[in-house]
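Asker: fold the following.
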Amino acid sequence: MKTLKIGAGAASLLTLALWATTASTETTVERGQYLVDGLAACGNCHTPRNPDNTFAEGMYLAGGFEFNEEPAFHAYARNITPDTETGIGDWTLEEIVIALREGHTPEDETIGPPMPMASYNLLSDDDAMSIAMYLKSIPAVRNEVPEAVYNIPKFSPGPAPGGPTPPTTDPVAYGQYLTTVAHCFECHTPTDDTGAPDMARMGAGGFAIQALPNGEFVRTANITPAAIGDWSDEALRRAIVDGVSQNGHILFPIMPSTFFHNATTEDIDAIIAYLRTIPPVENDVPKVDWMAAFGMPPMQNAPAME
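Answerer: Modelled structure (predicted):
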């Protein structure tokens, strides 16, 4: 097994070296910025937050955001700025891509949850390299992040299939790809009895995303046609990019709408086109008033939409 692993890694490095010599640096960095600051929403987890849930100033992508899922794990998002001591400054472009898609760091550490490896494994060759190049270009921020503790097995999704980004001329295929970039189903799919995503109910929501101070849980919404089939494209677009549901309720801010707002209209339309094609799954997800649970003023609603 060790020999096979090394052989696959060597092949990946050779392929990545060829990309680096043939890619256009300027446009690739721009694409990487678009993905990181947009649909991939990397900063949603990799940027530390203030007590009021706003992002800490000057700490973009510097890591430290806490994920306390004990007893399964207690993790902290990694510093992914190019700081050489506390970040990924010593990593090569090729090593960043392998970590991103295959879950292995240069130190041969396996990256654990909540990193959405199953989705990122499907990143196209160009987009994976674009992200790596952008991460190498951003300001380095020194931020020592605590070590994660895992009481569950960590796994690698294996070699990335790679290949090109689907063409925009096929909105459904392109939209399906963009939902992997945005790892929509990592959150919006319920788990089975073992705690693994129940892909037979993909998109049905109900995943407990965060506990509230009053003991209730925020659970992800059902985004299959069983729940959103009668929503207009405008209502779906508002939910994705503005974080406001069809009935006007403000969505819990772990929904990365501030990042999705940076996506192009074409990309959001492709995601909507794909979501309309997935199988409908009935799942009545309980709603909670998360703003009241945090002692915030009564929820200010936007107008409802058809």
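Asker: where's residue 269 relative to residue 47, distance?
Answerer: Taking C-beta to C-beta, to the nearest Å as the measure, residue 269 falls 28 Å from residue 47. No exception for glycine: its C-beta is placed from N, CA and C like everyone else's.
Asker: please apply the same query to residue 173.
Answerer: Counting by C-beta to C-beta, the gap from residue 173 to residue 47 is 31 Å.
Asker: quick one, strands of the stretch 101-250 of the chain?
Answerer: Ranges of strands within the stretch 101-250 of the chain are 149-150, 208-211, 217-219, based on DSSP state E, counting those that start in this stretch.
Asker: what are the phi and psi values for residue 74?
Answerer: phi -140, psi 100 (degrees, to the nearest 10).
Asker: ok, what's across the strand from it?
Answerer: residue 68, residue 149 (DSSP bridges).
Asker: I'd say it and residue 148 touch.
Answerer: Yes: Residue 74 lies in contact with residue 148 (C-beta atoms under 8 Å); the separation is 6.7 Å.
Asker: and the strands of the stretch 101-250 of the chain, which one's lowest on average pLDDT?
Answerer: For those, the weakest mean pLDDT is recorded on strand 208-211, namely a mean of 84.
Asker: quick one: list the elements packing against it.
Answerer: Applying 3 or more C-beta pairs under 8 Å, 6 or more residues apart in numbering; DSSP states H and E, one finds that strand 208-211 contacts strand 217-219.
Asker: what's the pLDDT at residue 286?
Answerer: With respect to pLDDT, residue 286 scores 90.
Asker: helix or strand right after the helix or strand of the chain with the lowest mean pLDDT?
Answerer: Least confident helix or strand of the chain, by mean pLDDT, DSSP states H and E, is helix 2-22 with a mean of 38. Helices and strands here follow DSSP states H and E; after helix 2-22, the next one along the chain is helix 25-36.
Asker: which positions in that following helix come out as buried?
Answerer: Across helix 25-36, burial judged by 16 or more other C-beta atoms under 10 Å covers 28-29, 31-36.
Asker: export the residues you listed to TSV and tack on pLDDT?
Answerer: Shown next, in TSV, are the buried residues of helix 25-36 (pLDDT from 0 to 100):
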residue	pLDDT
28	87
29	94
31	96
32	97
33	96
34	96
35	97
36	97
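Asker: of the residues you listed, which is the nearest to residue 96?
Answerer: Nearest to residue 96 among the buried residues of helix 25-36: residue 32, at 10.4 Å, using C-beta to C-beta.
Asker: measure the closest one to residue 121 for me?
Answerer: In this view, residue 32 and residue 121 are 18 Å apart by C-beta to C-beta.
Asker: equivalent analysis for residue 232, please.
Answerer: Here residue 232 is placed at a distance of 33 Å from residue 121 (C-beta to C-beta).
Asker: and for residue 292?
Answerer: 39 Å.
Asker: neighbour count: the two, which is higher?
Answerer: More neighbours surround residue 121 than the other of residue 292 and residue 121, with 20 against 14 (other C-beta atoms under 10 Å).
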